[in-house]
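Undergrad: Here's my sequence, what's the structure:
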Amino acid sequence: MTIWPAYMLYFFAYGVVLTGVLGLFASWVDRKVTARVQYRVGPPLLQPAIDLVKLLGKETLIPVGAPRAVFLGAPAVGLASVFFAATLLWVANFHASQGFVGDLIVLVYVLTVPSISIIVGGFASGNPLASLGASREMKLVLAYELPFIMAMLVPVVQAGNTFRLGEILAFQQEQGAVALSLSGILALVAAVLCMQGKLALVPFDMPEAETELVGGPLIEYSGPALALFRLMKNMLLFVLPLMLVVLFMGGIHVDGPRIVNGILKCVALVAVVTVIRNTNPRLRIDQAVRFFWGPVSVLAVIALVLAFAGW
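TA: Next up, the predicted model:
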């Protein structure tokens, strides 16, 4: 099987089907943990899928004056980018030899597209609240991307300055997980905080801020278009933890016990994200920018220096 037909198969099997199912499961974990924190029972296992199906059955309304192609294309492009990012991660785990040089760089770039799609969709809707939310999303992206990239460089340095996901995983199989080192644990903490921002969850949910902006960039979305955005966010709730598991915790292996261990690591990161968003107040956008450019960036720089020093 040549490389491109193989990647198309991986895209649909891993990127779309497997990640879609696990993304809905991650959303259920998030809602279940939230309910337990608030002393509630929480939703049944299939509730995220049921909510998605209900949205798919509703009408999509397009605001007057909104460019139709941009308004409807934004969620489709955002979701497709998550599919592709998930495919890269699964290929690195299950078919490392079919990865390519620099796939980590491509992965980091692709994972900025969902935020850009929200920004474009918000501005395209023409709603003042949506535009304000899109503006906040843009500032948030500028804030967390710098420390996030620096945190990602720690496993790159430890693995011998390679930007290939398969080689980073191979290094961890031989030398142990990156997160077991001092630089690795500091970089992982910085990456988790940045992940909270990439997911736009409390305390960094200022772009949507339901009690303030009534949904922000997504306020004008409905029906299948909104369903695509919701599915994109659900899948990101699994894909971003999977990325951290691959880079810092040795990845997910196909053999019995270790595949369960890998999935549990992702679930644990989802639970951490959920606990953070249920125990912190929302920050202002200027506070978020100062937080990411200040303490989180300093933490990522320290981790990177320690990685170069062999720690």
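Undergrad: what is the mean pLDDT for stretch 113-121?
TA: For stretch 113-121, the per-residue pLDDT values average out at 96.
Undergrad: And stretch 83-93, by the same measure?
TA: Taken as a whole, stretch 83-93 carries a mean pLDDT of 93.
Undergrad: Not counting that stretch itself, show me its contacts.
TA: The list of residues contacting stretch 83-93 from outside it, by C-beta atoms under 8 Å, 6 or more residues apart in numbering, reads 7, 10-11, 14-16, 18-19, 98-99, 103, 106-107, 110-111, 165-166, 169, 235, 238-239, 242-243, 246, 251-254, 262. C-beta here means a position set from N, CA and C on the backbone, and glycine is covered the same way.
Undergrad: hmm, 6 Å instead?
TA: 10-11, 14-16, 19, 98-99, 103, 107, 110-111, 165-166, 239, 242, 246, 251-252 (C-beta atoms under 6 Å, 6 or more residues apart in numbering).
Undergrad: Over to stretch 218-232?
TA: Residues from elsewhere that reach stretch 218-232 (C-beta under 6 Å, 6+ apart): 52, 55-56, 58-61, 63, 72, 75, 78-79, 82, 114, 125, 127, 129-130.
Undergrad: Next secondary structure element downstream of the top helix by length along the chain?
TA: With residue count as the measure and DSSP state H as the assignment, the chain has helix 128-158 as its longest helix. Counting by DSSP states H and E, the element after helix 128-158 in chain order, helix or strand, is helix 165-175.
Undergrad: by contact count, what packs against the following helix or strand past that following helix?
TA: Tracing the chain past helix 165-175, the next element assigned as helix or strand by DSSP H and E is helix 182-198. The helices and strands touching helix 182-198, judged by 3 or more C-beta pairs under 6 Å, 6 or more residues apart in numbering; DSSP states H and E, are helix 128-158, helix 223-248, helix 297-308.
Undergrad: Would you mind extracting the C-alpha trace of the last one into CSV?
TA: Once non-C-alpha atoms are left out, helix 297-308 reads as follows in CSV (Å, rounded to 0.1, in the frame of the first residue of the first chain):
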residue,chain,number,x,y,z
SER,A,297,6.3,31.6,29.3
VAL,A,298,8.9,31.8,32.1
LEU,A,299,8.0,28.2,33.2
ALA,A,300,8.4,27.0,29.5
VAL,A,301,11.7,28.8,29.1
ILE,A,302,13.1,27.2,32.4
ALA,A,303,12.0,23.8,31.1
LEU,A,304,13.7,24.4,27.8
VAL,A,305,16.9,25.5,29.4
LEU,A,306,16.9,22.5,31.7
ALA,A,307,16.3,20.2,28.7
PHE,A,308,19.4,21.6,26.9
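Undergrad: I'd like the distance from it to the chain centre, please.
TA: Taking the mean C-alpha point of helix 297-308 and that of its whole chain, the gap between them comes to 22 Å (C-alpha atoms, centre = their mean, to the nearest Å).
Undergrad: how much does that helix deviate in direction from helix 182-198?
TA: Using axes from the mean of the first three to the mean of the last three C-alpha atoms, to 10 degrees, the inter-axis angle of helix 297-308 relative to helix 182-198 is 150 degrees.
Undergrad: ditto for the second one
TA: Relative orientation of helix 223-248 and helix 182-198, computed by the same axes, to 10 degrees: 170 degrees.
Undergrad: average pLDDT across the following helix or strand past helix 223-248?
TA: Following helix 223-248 in sequence order, the next helix or strand is helix 256-278 (DSSP H and E). What helix 256-278 shows for mean pLDDT is 85.
Undergrad: how about helix 256-278: buried residues?
TA: Neighbour-count burial for helix 256-278, with 16 or more other C-beta atoms under 10 Å as criterion, is recorded at 262-263, 265-267, 269-271, 273-274, 276-278.
Undergrad: Show only the entries of the contacts of stretch 218-232 found in helices.
TA: When the contacts of stretch 218-232 are checked against helices (DSSP H), the matches are Leu52, Leu55, Leu56, Leu72, Pro75, Gly78, Leu79, Val82, Pro114, Ser125, Leu129, Ala130.
Undergrad: now the first one: how far from Pro241?
TA: Leu52 is 20 Å from Pro241, where distance means C-beta to C-beta, to the nearest Å.
Undergrad: If you count surrounding residues, which of the two has more?
TA: Pro241 (25 against 19; other C-beta atoms under 10 Å).
Undergrad: Do I have it right that the more buried one meets Cys266?
TA: Yes - using C-beta atoms under 6 Å, Pro241 makes contact with Cys266 at a distance of 4.4 Å.
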